[in-house]
Every structure is written in C-alpha cells, then in structure tokens.
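K.L.:
this one's structure only:
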C-alpha cells in the first residue's frame, strides 16, 4: 500500500509505503513502513530525479511449522521432535534506500532514421544503503541470532518509449518501449562473480490506454539450465474514472497484472508468481497544484510522467 503526493513548486515528492507479506508453510511474515522523499532538478528537455526511502522492517516466523532433517525417517516420515532450538521468532531493523533517475524527452537520430518525442530514462538505485557503506552497520534479519549483515543490492535500469508515427491520424496511439534491468546483490560492490547478478530484458507495446509486455529474466542474459530463469508477461492499462469521464481526460485509475513463469533452474514445478496492482489518483493535478509548472526559468520545466509509468 502506498500514498504519494507532489509539491511541484518545491520540486518535492512525499510518500508513505506500507508492506505486509506472508510466504511459505512457516508463515514467514514481513512487515515494513517507510517514508519517501524525492527531489527533481529540471532542465530544458531533461530532468534529474533523486529519491530516498527510510523504513523500519519487522520479520517473524512460526518455528512449529518447520520440519528439520533430524525429524525424518526414510520409511515413516516425520517421527520425532527436532533438536533444533529456535533462536528468535522476530527480528527488526532499520533500512535506507537511495536512487537517481535521468529522464529526457526529445528526438533521436540514427543514420537517416529519426524518431521524434522519444522518452528515455536511465537510473541507478542502492538498496540497504547502511550495509553498503559501513561493515559495522547495525541490524540483521537472521532468525538464528547470527551476526550476518543484510546483503546490499545495486540496480541499474533504463528504457525508451518510441512513438510509432505510421499510425498517426488513424486514432491509434502506438509506441514500443524496450527496457532493461540489472540487479547485483552481495557484499562485494559491483562484483558480478561473487554477488548474485540477475538481468532482465524485455519489450512493452503501448496501444492507446493499454500495454502488453514480455520480458526475460535470468542470472545470465542467455538461457542456462543451471540458473533459474523466467519469462514475465504483463498487461494493464489506465482510464479516466467516473461516469462523466471523457476521452483525453487525465487518467485516474491504473491497473495491471503480471505472471513470472519459471522455465529452468528450480523449474516449473516450483510454481509461478502472479501479481496484481491497482492505483488511483485522488486529484489528477495534485493536492498542491499542477505538476506541469515551470521551475521559474523559461527554458526549464518539470517533465510530466508518461501515464504508462
């Protein structure tokens, strides 16, 4: 659950993020609450965005629902109590993330080919920042009461939204959006050999108010039977809500679903991941005024966000 708003005149964004997630037969539950602050530096055709999130995280687990190897018999299954002594049932820690994104709207030219009004973006985010900066950072998520630091994660991401002009005048607003994401998580900064490195490549097709995407995710960018990989299918859209909504109105309701289909590694028997999202804009122009205001200089402005994102 998330609530966000913008203060365009101050170039600030504020947000509150709440998370509750339960997984596995032992009901591993993760709950977190975070406060978000963002700042935008506008330019003539591009913006530079900075974002911070500080949060508290709490995890708990039901040890009674876990089965350990010393409880098992080859013939009779579970036959006894485990000798494993639970250390803790609940862990808590503070965390901090930071990210920066560069966005641009303009023309792209490659040889004789020219694309107009192309949206481009590239960003980097640093997760679990205290543990990336300092080896003595407090807090861990070990239920065995071990002194293990939370593994930092670095993410690189980027993409384009390229309008397809051949459909102009037909009433069909069509665009393609290639995207990539590279995640590296571990204790060695930017060390792809020792860290867990996962890459994602894919393409979205945007048709009027709807989108359809297909992405491939793996530890390597090429299929490998050893590494778990997945095909990700996603679709969704947005609409101006309400009975009196008209074409061209600012979108209010956003919705989407996605499925991750495991193909190798842990394999299809491990199941797939399904996700549904819904977002509603309470006030299209923002609680504090429109977000399309200029920054005070005639050649600089804060770029509006493509509704797809």
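P.N.:
Yep, it's here. Just so we're clear, the structure is a prediction, and the values are computed from it rather than from any experiment.
K.L.:
just the residues contacting stretch 158-173, thanks.
P.N.:
With CB atoms under 8 Å, 6 or more residues apart in numbering as the test, stretch 158-173 has contacts from 108, 115-123, 174-180, 206-208, 306, 308. All C-beta spots, glycine's among them, are computed from the backbone N, C-alpha and C.
K.L.:
rerun that using 10 Å as the cut-off
P.N.:
101-102, 104-105, 108, 114-124, 174-182, 202-209, 306, 308-309 (CB atoms under 10 Å, 6 or more residues apart in numbering).
K.L.:
looking at the longest strand belonging to the chain now, give me its mean pLDDT.
P.N.:
In terms of residue count, the longest strand belonging to the chain (DSSP state E) is strand 90-110. For strand 90-110, mean pLDDT rounds to 88.
K.L.:
what pairs with that strand, and is each one parallel or antiparallel?
P.N.:
Here strand 90-110 is paired, per DSSP bridges, with strand 46-60 (antiparallel), strand 113-127 (antiparallel).
K.L.:
buried stuff in the first one?
P.N.:
The reference is to strand 46-60. Across strand 46-60, burial judged by 16 or more other CB atoms under 10 Å covers 46-47, 49, 51, 53, 55, 57, 59-60.
K.L.:
the last one too?
P.N.:
Buried positions in strand 113-127, judged by neighbour count with 16+ other CB under 10 Å: 118-121, 123, 125-127.
K.L.:
out of these, which is nearest to residue 143?
P.N.:
Residue 143 has its nearest neighbour among the buried residues of strand 113-127 in residue 127, at 20.9 Å by CB to CB.
K.L.:
with respect to the strands paired with strand 90-110, which exhibits the lowest mean confidence?
P.N.:
Among those, strand 113-127 has the lowest mean pLDDT, at a mean of 89.
K.L.:
helix or strand right after it?
P.N.:
Next in sequence after strand 113-127, counting helices and strands by DSSP states H and E, comes helix 129-133.
K.L.:
state the mean pLDDT of that following helix.
P.N.:
When pLDDT is averaged along helix 129-133, the result is 79.
K.L.:
what sits up against it?
P.N.:
With CB under 10 Å, 6+ apart as the test, helix 129-133 has contacts from 52-54, 93-98, 126, 136-140, 149-154, 187, 189.
K.L.:
in the stretch 201-309 of the chain, which spans are strands?
P.N.:
Secondary structure of the stretch 201-309 of the chain (DSSP state E, counting those that start in this stretch): strands located at 210-218, 229-239, 253-264, 273-280.
K.L.:
nearest to residue 1, of these?
P.N.:
Residue 1 lies closest, by CB to CB, to one member of those: strand 273-280, at 10.6 Å.
K.L.:
so what's the residue count around the residue lying closest to residue 235 once chain neighbours are set aside?
P.N.:
Nearest residue to residue 235 in three dimensions, chain neighbours excluded: residue 212, at 4.8 Å (CB to CB, 6 or more residues apart in numbering). Neighbourhood size, residue 212 [other CB atoms under 10 Å]: 14.
K.L.:
contacting residues around residue 212?
P.N.:
Residue 212 sits next to 203-206, 233-237 when contact means CB under 10 Å, 6+ apart.
K.L.:
low pLDDT regions in the stretch 151-300 of the chain?
P.N.:
For the stretch 151-300 of the chain, applying pLDDT under 70 flags the ranges 166-169, 220-228, 241-249, 264-271, 283-300.
K.L.:
please repeat the previous calculation with a cut-off of 80.
P.N.:
165-171, 188-189, 191-194, 219-229, 240-251, 262-272, 282-300 (pLDDT under 80).
K.L.:
quick one on the thing from earlier: got TSV for the strands paired with strand 90-110, with distance to residue 251 too?
P.N.:
Listed next are the strands paired with strand 90-110 as TSV, based on distance: least, CB to CB, whole Å:
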stretch	distance to residue 251
strand 46-60	20
strand 113-127	16
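K.L.:
just so I know, which of the strands of the stretch 201-309 of the chain lies nearest residue 26?
P.N.:
strand 273-280 (18.7 Å).
K.L.:
could you list the paired strands of that closest one along with their orientation?
P.N.:
Strand pairing for strand 273-280, using DSSP bridges, gives strand 253-264 (antiparallel).
K.L.:
what residues of the partner strand count as buried?
P.N.:
Across strand 253-264, burial judged by 16+ other CB under 10 Å covers 254, 256, 258, 260, 262-263.
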